[in-house]
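K.L.:
Starting from these lines, generate the structure:
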Amino acid sequence: MAERYPIPAARHRVEQEIQRSRFITTVAHTPTVEAARAFIAEMREEFADATHNCWAFLVGPPGSTSNVGVSDDGEPHGTAGRPMLNVLLHSGLGDLTAVVTRYYGGTKLGTGGLVRAYTSSVQGALEELPTSERVELTRLRIEIGYPTVTPFQRLLPEFEATVIEERYTDEVYYEVELPAESVEGLESALEELTGGTAYIEEL
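P.N.:
Numbering: from 1, shown residues only. Have a look, this model is predicted:
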């Protein structure tokens, strides 16, 4: 079952100047490789006149290397994308993409200078990045008798469950959404509460 982990809560941008070159770093939440590539394409379009739009993405939990990508976008090999990814891998965050846009200022930084510039650009963006938590959610359809409605409703906060829909007929029908990791606990509690008469279906 997927774990919880921190992700970017919003798109974030910072800028720094190093020896007259402008480095603009934009970081975004990208939960899929497709989302990462779409964000990169958007940044390349926004900064179409830039000298370089280098990028790195990590899709998955913090530190995971199963879905990553990098590009030096014309900078010397290994001086931009790889150092950027290294920062992402050690950030403690998942599902994120960083694009560093460079407007060349006329002074060559050398390979070591470029590595430091791209590394510090991403680090600077992550320092102020607002974060939230990724939680895999599951929906359940639940049918219970009227006598168990109140105790059932009292159970919900314990399992971080939210009622999406409720209907009252001969029985009470609920559609609830909750963290996937809490499903088993809620099912067990319901079994106990209703003596095994509750109907539970995962949607």
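K.L.:
can we go C-alpha only for contacts and neighbour counts from here?
P.N.:
Will do.
K.L.:
quick one: low-confidence parts of the protein?
P.N.:
Under the criterion pLDDT under 70, the flagged ranges of the chain are 1-2.
K.L.:
can you list the domains in it?
P.N.:
Domain ranges of the chain: 5-133, 136-202, per automatic domain parsing.
K.L.:
who's sitting farthest from the centroid in the protein?
P.N.:
residue 170 (42.0 Å; CA atoms, centre = their mean).
K.L.:
That one: what secondary structure?
P.N.:
What DSSP: H, G, I helix; E, B strand; the rest coil gives for residue 170 is coil.
K.L.:
and the top helix by length along the chain, C-alpha only, in CSV?
P.N.:
In the chain, with assignment by DSSP state H, the single longest helix is helix 110-127. What follows is helix 110-127, C-alpha atoms only, in CSV (Å, rounded to 0.1, in the frame of the first residue of the first chain):
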residue,chain,number,x,y,z
GLY,A,110,33.1,26.5,-16.1
THR,A,111,31.8,23.0,-15.4
GLY,A,112,32.3,23.3,-11.6
GLY,A,113,30.6,26.7,-11.6
LEU,A,114,27.6,25.4,-13.6
VAL,A,115,27.2,22.4,-11.2
ARG,A,116,27.2,24.8,-8.2
ALA,A,117,24.8,27.2,-10.0
TYR,A,118,22.2,24.6,-10.9
THR,A,119,22.5,22.9,-7.5
SER,A,120,22.0,26.1,-5.6
SER,A,121,19.2,27.2,-7.8
VAL,A,122,17.1,24.1,-7.0
GLN,A,123,18.1,24.2,-3.3
GLY,A,124,17.0,27.9,-3.1
ALA,A,125,13.6,27.0,-4.6
LEU,A,126,13.0,24.1,-2.3
GLU,A,127,13.9,26.1,0.8
